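> Quick one, fold the following:
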Amino acid sequence: MLRTNCRLMNKDGELACLLAYEWTPNEYKYDYGHKNVYYRGDEGEIFRSGDKGGMTPTDLYNSIRAYKALCIPHHPAADWGMVSAATDWNFHDPEVQRAVEIYSRHAPFEDFPSRSKFTKNIKKMEYCSVQDALARGYRLGFTAGSDSHQTEHGVEGGIVAAFVPALKREYVWDALYNRLTYGTTGARILVSLKINGAPMGSEVKTLGDTPVTIEGSVLGTDTVTVELLRDNHVIKSWACDGNTCDFSLEDSAESGACYYLRVTQKDEHMAWSSPIWVDRA
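Here you go, the predicted model:
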């Protein structure tokens, strides 16, 4: 039924409907975390955590690899007290786990602890945040979303923006896979980040200690403050007078440096660009 409805609802140029489901550990004593699985087409299987093909994250990765599929850790540092839903970053596969949800309707999960008014009745687990994954060297794009199991349309929460040539399911999936995305807390903030002309999600190759050129642009819905982070640390910030910010600068760092933007508005809505990595030969 899920596949059938996905085929019926998907209309190029009108609605991109991705075949997807949420994988959850069968027993909460295993803190594997929740993962959203997305298929590129309308063929795919549900690998439950009680099944042989989905008992652990590794089993899940191996099972969905047979399809054009990716999985995205959902609310990666969430902890509801008696029940943990946090991601265990010891289980990772760069081929299929290509992005992470930096914000859901529960809270931002960029770092630990949370500092946002958008954190609801939820604890956050240390060592499970997005920055913890980046510090391990994982190359993940950023998404944002809601969280509902009632098949409701338009549930409040985060928004993921995808750079696509046209509104088509395959293009949206490709953007997720290639990290050509960014996430917001729900405000429709426009964000652009480029290094040496390459867009967010890229792995930029450069020679020696040659500086790279970093360009960014933000159009918010309220007055914005923009921060540029390198390896999880703010290296430059702009407190803008209005809802726009444009900048260009040069920077040098060791090979493997990870850059991304954090945007905070006066109304406290936020946005995060997917990172760009710089590799030096």
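> In the stretch 151-281 of the chain, where is pLDDT below threshold?
Where the stretch 151-281 of the chain drops to pLDDT under 70, the residues are 151-152, 154.
> Walking through it, point out its strands one by one.
Secondary structure of the stretch 151-281 of the chain (DSSP state E, counting those that start in this stretch): strands located at 159-162, 181-184, 190-195, 198-199, 203-206, 212-219, 224-230, 233-239, 244-251, 257-265, 270-273, 276-280.
> Pipe those into TSV and attach mean neighbour count and distance to residue 2 per row.
Just so you know, the C-beta spots here come from the backbone N, C-alpha and C atoms, and that holds for glycine as well. Below are those laid out as TSV (neighbours: other C-beta atoms under 10 Å; distance: least, C-beta to C-beta, whole Å):
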stretch	mean neighbour count	distance to residue 2
strand 159-162	20	21
strand 181-184	27	23
strand 190-195	20	32
strand 198-199	16	32
strand 203-206	15	34
strand 212-219	18	37
strand 224-230	20	38
strand 233-239	12	42
strand 244-251	14	42
strand 257-265	22	34
strand 270-273	28	30
strand 276-280	20	35
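> Reformat those strands as TSV; add distance to residue 79.
Output for the strands of the stretch 151-281 of the chain, formatted as TSV (distance: least, C-beta to C-beta, whole Å):
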stretch	distance to residue 79
strand 159-162	23
strand 181-184	21
strand 190-195	29
strand 198-199	34
strand 203-206	32
strand 212-219	32
strand 224-230	25
strand 233-239	25
strand 244-251	34
strand 257-265	23
strand 270-273	21
strand 276-280	29
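> For the nearest residue to residue 58 once chain neighbours are set aside, give its distance to residue 77.
With sequence-adjacent residues excluded and distances taken as C-beta to C-beta, 6 or more residues apart in numbering, residue 58 is closest to residue 91, at 6.0 Å. Using C-beta to C-beta, to the nearest Å, residue 91 is found at 15 Å from residue 77.
> quick one: which of those two has more around it?
residue 77 (31 against 17; other C-beta atoms under 10 Å).
> Let me know whether that one touches residue 112 as I believe.
Yes: at 6.3 Å, residue 77 counts as touching residue 112 under the criterion of C-beta atoms under 8 Å.
> Quick check: neighbours shared by these two?
Counting by C-beta atoms under 8 Å, 6 or more residues apart in numbering, the shared contacts of residue 77 and residue 112 are 124-126, 128-129, 132.
> Of those, keep whichever come out buried.
Buried members of the shared contacts of residue 77 and residue 112, counted by 16 or more other C-beta atoms under 10 Å: 124-125, 128-129, 132.
> As JSON lines, those residues with secondary structure and distance to residue 173 would be great.
Formatted as JSON lines, these follow (DSSP: H, G, I helix; E, B strand; the rest coil; distance: C-beta to C-beta, whole Å):
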{"residue": "124", "secondary structure": "strand", "distance to residue 173": "29"}
{"residue": "125", "secondary structure": "coil", "distance to residue 173": "29"}
{"residue": "128", "secondary structure": "coil", "distance to residue 173": "26"}
{"residue": "129", "secondary structure": "coil", "distance to residue 173": "26"}
{"residue": "132", "secondary structure": "helix", "distance to residue 173": "26"}
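> hmm, back to that, and the residue nearest to residue 58, what does it touch?
32, 56-58.
> Please enumerate the helices of the protein.
2-9, 57-64, 130-135, 169-177 (DSSP state H).
> Save the ones you listed as TSV, and put in distance to residue 85 too.
Compiled in TSV, the helices of the chain are given as follows (distance: least, C-beta to C-beta, whole Å):
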stretch	distance to residue 85
helix 2-9	22
helix 57-64	13
helix 130-135	15
helix 169-177	21
